[in-house]
Structure formats: C-alpha cells, structure tokens
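Visitor: whatever this is, show me its structure:
(chains A and B)
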Amino acid sequence: SQQGEEDPQALSIQEGENATMNCSYKTSINNLQWYRQNSGRGLVHLILIRSNEREKHSGRLRVTLDTSKKSSSLLITASRAADTASYFCATDPSQTQGGSEKLVFGKGTKLTVNP
Amino acid sequence: DAGVTQSPTHLIKTRGQQVTLRCSPKSGHDTVSWYQQALGQGPQFIFQYYEEEERQRGNFPDRFSGHQFPNYSSELNVNALLLGDSALYLCASSLKGQGSYEQYFGPGTRLTVT
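Guide: Residues are numbered from 1 along each chain as shown, chains lettered A, B, ... in the order given. All right, here's what the predicted structure looks like:
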C-alpha cells in the first residue's frame, strides 16, 4: 500500500513561476525523500529531510517537514521547462539507525512547466 | 562513478513464463532494493537485499524472489507471470553499512506480459 499522498495530482505552470507540491503521510518516519521521474524512467533523488529537521534547501529546491501534521512540501523556485516531470515523496519508516530499510511512495504530482 | 545499471531495458514475456531481471548497484553501495511501478502509480517496495540475504519484504507473493551476489549485484526473479505483473521494475542501491538513507535508482526494466 502507498502511504504518501501528493497534492495536487497535476500542476501546470509557466516558466519562471514557482511550483509547490505537498505530501501527506500516515505513520512515523525516519526521514522523507523527494524524487523526480521523467517520462516513466528511473527516479532521481532530489533531497532528503530527516524527521528532526524542519526545512532544507538545495539549489532551487526548498523542502519543509511538519511531523505534527505528517506533511511535507516541495517548492521549486523559478521553474524551467526542464523541470517538467513527475515528483514523488517517499517516506522511510526505518526504526533503526542502520540505513534505509524501504521507501514508501505516494502516487506523485505531474508537473508541467510551459515555456 | 558508475550509477545503478539494470538489464534488460525492455522485456516481453507470455503469461506463465518466468523472468530474471538484473541490477548492478552504484559503486561503493552494498544494499539493493527492488520496486515495482505500475503505470500511473508510485513505486511499490518488493524486497531489499543486504549481505546476500533478504532483509525486508513488501506485500508481494512468493512468485517474486531475488538474490544478491558477493559483488553486491542482484537479480529479481518472477515465476508464473501474470498480466498484472506488467510494470516498470526499478532497482535502487544504498549504503546500509554506513547508515545511509538515500536510495539511488537505476533506469528500470519495463516488463510487458502478454
């Protein structure tokens, strides 16, 4: 079963605009990760945020995590046509400190950036 | 630095047949996880191999089995194929030995069962 629920399911914006995607999950987590997938190909790891972190930045990406609400958001600033892809959040419920045991994915948000 | 590689890229099989998919992890990684992604869905965890043993398993029947070799590469075997097994099969590698949580994915194998 899939734990994460991304919102919206699809998002269409113009180049230069910001894109915000949200993710909600159900159980406790060790960390939450965001991935990008282009046209049914492999997933590209974007960013990982640990359960004790609230915000993280990487280039044009900003991720927030609210464990009390069991939710996360991914903000892509100044979007480009090349950002067109599906974006997935994945929760890692690993209870040990021994590395990832598995990832639980949502259904993803399909982002289209129009030139 | 070689990333995760998978073979073959595409595969067409008939119902009832058996299939083997292969994965080589990213250089330096010791753990391989397999995921199934149906069209329009997010990936679903099948199982994870570490130190040549299955360590975690998702909600998949015994028709799905795997193996990890001493060089950390891995195989996914699916027996008695069903139409519903048609999907993109993704392999991901990570470095469990150092408590790393990032998983790096290969390009996937697209399996079509007719």
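Visitor: tell me the pLDDT of residue 58.
Guide: Using chain A here. As predicted, A:Ser58 sits at a pLDDT of 96.
Visitor: wait, I meant chain B there
Guide: Model confidence at B:Gly58, given as pLDDT, is 94.
Visitor: wait, doesn't it sit right on B:Phe64?
Guide: No. With contacts defined as C-beta atoms under 8 Å, B:Gly58 does not count as touching B:Phe64, sitting 9.0 Å away. The way it works is simple: take the backbone N, C-alpha and C, and place the C-beta from them, glycine included.
Visitor: quick check: neighbours shared by the two?
Guide: Overlap between the neighbourhoods of B:Gly58 and B:Phe64 consists of B:46-47, taking contacts as C-beta atoms under 8 Å, 6 or more residues apart in numbering or on different chains.
Visitor: list the contacts of residue 92.
Guide: Picking chain A for this. With contact set as C-beta under 8 Å, 6+ apart, A:Asp92 has these partners: A:29-33, A:100-104, B:101.
Visitor: hm, I was asking about chain B
Guide: B:Ala92 makes contacts with A:43, A:103, B:4, B:32-35, B:103-106, as judged by C-beta under 8 Å, 6+ apart.
Visitor: ok so, going back, farthest pair within the contacts of A:Asp92?
Guide: Within these, two members stand farthest from each other by C-beta to C-beta: A:Leu32 and A:Glu101, at 14.5 Å.
Visitor: of the two, give the one with the bigger neighbour count.
Guide: A:Leu32 (28 against 21; other C-beta atoms under 10 Å in any protein chain shown).
Visitor: low-confidence stretches in chain B?
Guide: The model of chain B has pLDDT under 70 over residues B:1, B:98-99.
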